[in-house]
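S.K.: when you get a sec, could you give me coordinates for this:
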Amino acid sequence: MSKIYKVFCRLFLTVALAAFTVSCFDEVYPGTYYVFNGQTIVDYLEQDPDQRFSTFIQILKKARVYGELETYGTYTCFAPTDSAFAKYFKARNIQSVDSLSFEDCDTIVRTHLINAVLFLTDQTEGGLPTVNQLNRYLVLNYTEDTLDDGVIKARPTINREGVVINGDDTVENGVVHVMDNVIRVSGDYIYDIVKQNPRVSLFFSALNLVGLEDSLQKWHDRTYPTISYDSAYEGIKRDGGGSTYTIRYMPERNFGFTVFAEPDEVYAAHGINTLSDLIDYANNVYHASYKEEYDSLGSRYDTIWRDQRCPLPRFVEYHILPFSIPSAINFNCREDIIKAKVETSILDAEDYFEAYLPHSIMRISRILGNGTYSGVYINRRGVGDSGEGEINRSFYRGIKISDVESETLNEGCNGYMFYIDDILEYSDFIRTDILDRRMRIDCCTLSPDFLTSGARQKKTDSNYEGVGFLEPTNFHSYNQNYCMWVRSAFVANISYQGDGVDLQGNYDILLKLPPVPHDGTWELRLSYRGSAGCGVVQNYVGDSPLNLLPCGIPTDLRLSAAANPNIRWISDEDFDGDSIAIDSYDKAMHNRGYMKGPDSHYTGDKENGGETFRNYSGGLIARRVITTDYFMAHKNYYLRMRLVLENPQAEMNFDYMEWCPKSIFSLKEDRH
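M.R.: So this is what the prediction gives:
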């Protein structure tokens, strides 16, 4: 077929599609069609000199997507070769494309297509920033491969199994990455993924016994309001912090889950070989962890498997997070941000997440490098690869998270499963010792929607982009005269992890706070980014939305820490190295309800002029002490943030919050 003829056909198709309301193609970008003079994805596949894509072309046609890739749109296409499909067919005892149904072909195609242009050279390891057409995140990793000349090269792989032979081949309507394997995808729920993995049979027996099958089969939230095409895909413009942001609203809300599962051999190492053994183990742990409750209950709930007071459901539910994360390295901020903005000699990159077990929380931290402790850990206490403790307490290794083996799927349509290398428990030791620490919680982790949607730590072509949300989980607005979005993360952004939750308008927001791990006196702190365009906010805290008390005077976000007379920020340098004077000033500032920012994080790249938050006087980087009170681990608590001065353009850049126990108040460690 000549190129002129093909262009004519495309032009004819454009006119035909405009003339008729019914199309045989699924319309991804309605109302917009283009006639290309250059090579499209279809041209790339058809004109390959080695004719490697004949099977994929057949599948595209059978799925009725061929025309889309020939005419319009913006795509990333992972294109498996004929040899890749030969392996795929053999593994599934399939003879040819003729053996595949339309639904099979549609699933294969939409697994390999993303409605955005993603060059792999621009991406970091972990989940790609945009879902594929099945609303799944593909995961990018690098594996070492020895070439024919003996040179070892890092090869990009997708979902731990498909090597990209050729990547970043630009075409008129996107980019093509050639694959040596077909990317597998499961239509099963995460419950079924755990069930089908023989290495975690004992954990699944417990999961099944406590009756979580229905809960772990949630996926689409049908109550989410309809979002217009323009708001979801074209985006709206908002001025924030002196820059204009493009905000694309989350088009739908999905439930997601992350499951941590111990392989059977981990249980065996602890003498646990049967479900009865695991039940006894859970009873011992949770009777001690919830001692006061079980002193009154006795053991009468120990075999009521679907009652949350039963120890076994508590054991299982602490293995589940109520959001989906595609790769272990995605629990924490991106590696480029860790290297640039975190002083890892002082503090590991850390995040805190509320688990599926009611009123429970876990710390997940990441250690970079190739040392003994490199990797991602749950409830670890220590710094870096040293094996040393912190906050004047002994080292605790925690539990390492790892991906499942490449031949086993860890992805369901509504979540992911990861192996862990020791038994995960919310024991009294974890609650009152390991988690008795200042917990700095990035605001972009406060709603499962921020995480499951991929808005958190999203890397985009433009730094000034964000994902908008209407009533995200854990948030409630008392009025609708505002806009809320999660900012795309970038190193130069003067914020904790390069991102943040932005509000603009006459905001009045209620947030359900993450739980404290044990009863006691805790201090609640907030950190905002301030600027002249920000407003004045009054904070309220209580154990019910109907029982909220105002906390101190309103916080003026329009003034920098140095300019605000209530803060009276003074640089450490002004004390000429007098540590006693610095300590005294810190105490006086704390008594006024403020603290300097931490010295473990930087406003930008620490190698290129970034300052520690503690030394930065611009913006409102200081921490605001909201309240110090007795909080209980079994209760919900709420924070209300209300704009005091009505202003439809007022901003609030919500960066991070902290729960700090009384045991840490007087320690210099809290400077970190």
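S.K.: residues in contact with stretch 552-561?
M.R.: Identification of contacts with stretch 552-561 by C-beta atoms under 8 Å, 6 or more residues apart in numbering yields 528, 530-539, 564, 566-567, 569, 593-594, 596, 617-622, 624, 626-627, 644, 651-653. The C-beta positions use only the backbone N, C-alpha and C, and glycine is treated the same way.
S.K.: try it again with 6 Å
M.R.: Stretch 552-561 is contacted by residues 528, 530, 532, 534, 536-538, 567, 569, 593, 617-620, 622, 624, 644 when judged by C-beta atoms under 6 Å, 6 or more residues apart in numbering.
S.K.: stretch 485-504 too?
M.R.: 238, 240, 247, 333, 337, 340, 442-444, 450, 455, 457-458, 460, 463, 465-468, 482-484, 529, 601, 603-605, 651-656.
S.K.: let's see which of these end up in strands.
M.R.: When DSSP state E is applied, those are split such that 238, 240, 247, 442, 465-468, 482-484, 529, 651-656 fall in strands.
S.K.: pick out the residue closest to the middle of this structure.
M.R.: When C-alpha atoms, centre = their mean is applied to the chain, the residue found nearest the centroid is Leu451 (3.6 Å).
S.K.: count the residues that sit near the nearest residue to it once chain neighbours are set aside.
M.R.: Counting by C-beta to C-beta, 6 or more residues apart in numbering, Phe323 is the residue found nearest to Leu451 once chain neighbours are left out, at 4.0 Å. Per other C-beta atoms under 10 Å, the neighbour tally for Phe323 reads 24.
S.K.: just the pLDDT for Phe323.
M.R.: Phe323 carries a pLDDT score of 97 in this model.
S.K.: wait, isn't it in contact with Phe255?
M.R.: No - here Phe323 does not reach Phe255: they are 8.6 Å apart, not a contact under C-beta atoms under 6 Å.
S.K.: which residues does Asp188 contact?
M.R.: Counting by C-beta under 6 Å, 6+ apart, Asp188 touches Gly412.
S.K.: helix, strand, or coil at it?
M.R.: Following DSSP: H, G, I helix; E, B strand; the rest coil, Asp188 is assigned to coil.
S.K.: try Pro515
M.R.: Three-state call for Pro515 (three-state DSSP): coil.
S.K.: pLDDT weak spots in this protein?
M.R.: Scanning the chain with the threshold set as pLDDT under 70 gives 1-37, 145-152, 240-241.
S.K.: domain-wise, how is it divided?
M.R.: As given by automatic domain parsing, the domain ranges for the chain are 3-138+165-179, 187-219+254-435.
S.K.: ok, which of those comes nearest His476?
M.R.: With C-beta to C-beta as the measure, domain 187-219+254-435 is the member of the domains of the chain nearest His476 (16.5 Å).
S.K.: any idea how far apart the tips of that closest one sit?
M.R.: End-to-end distance for domain 187-219+254-435, by C-alpha to C-alpha, to the nearest Å: 37 Å.
S.K.: got the contact list for the residue lying closest to Val404 once chain neighbours are set aside?
M.R.: Leaving aside its sequence neighbours, Val404 sits nearest to Asn410 (C-beta to C-beta, 6+ apart; 4.2 Å). Residues counted as contacts of Asn410 (C-beta under 6 Å, 6+ apart) are 404, 416-417.
S.K.: now stretch 482-496: buried residues?
M.R.: In terms of neighbour count (16 or more other C-beta atoms under 10 Å), stretch 482-496 has its buried residues at 482-491, 493-496.
S.K.: kindly apply the preceding question to stretch 351-367 instead.
M.R.: 351-357, 359-367.
S.K.: what do you get for stretch 513-528?
M.R.: For stretch 513-528, by 16+ other C-beta under 10 Å, it's 513-518, 522-528.
S.K.: try stretch 205-221
M.R.: Within stretch 205-221, judged by 16+ other C-beta under 10 Å, the buried ones are 206-210, 212, 216-219.
S.K.: could you say which helix or strand holds Phe85?
M.R.: helix 82-91 (DSSP states H and E).
S.K.: who touches that helix?
M.R.: Helix 82-91 has contacts (C-beta under 6 Å, 6+ apart) with 52, 54-55, 179-182.
S.K.: buried stuff in it?
M.R.: Neighbour-count burial for helix 82-91, counted by 16+ other C-beta under 10 Å, picks out 84-85, 88-89.
S.K.: which one of the residues you listed is nearest Ile582?
M.R.: Ile582 lies nearest to Ala84 out of these, by C-beta to C-beta, at 62.1 Å.
S.K.: distance of that closest one from Asp403?
M.R.: As defined by C-beta to C-beta, to the nearest Å, Ala84 lies at a distance of 22 Å from Asp403.
S.K.: Met657 is in contact with Leu526, correct?
M.R.: Yes - under the criterion of C-beta under 6 Å, Leu526 is in contact with Met657, at a separation of 5.3 Å.
S.K.: just the helices in the stretch 501-650 of the chain please.
M.R.: Applying DSSP state H, counting those that start in this stretch to the stretch 501-650 of the chain gives helices spanning 579-591.
S.K.: residue ranges of the helices in the stretch 351-500 of the chain, please?
M.R.: Under the criterion DSSP H, counting those that start in this stretch, the stretch 351-500 of the chain contains helices at 428-429, 448-452.
S.K.: could I get the longest one in PDB with only the CA atoms?
M.R.: So the one you mean is helix 448-452. Below are the C-alpha coordinates for helix 448-452, written out as PDB (Å, rounded to 0.1, in the frame of the first residue of the first chain):
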ATOM      1  CA  PRO A 448      -5.800   5.900  49.900                       C
ATOM      2  CA  ASP A 449      -7.000   7.700  46.800                       C
ATOM      3  CA  PHE A 450      -3.700   9.700  46.500                       C
ATOM      4  CA  LEU A 451      -1.800   6.400  46.500                       C
ATOM      5  CA  THR A 452      -4.000   4.000  44.400                       C
END
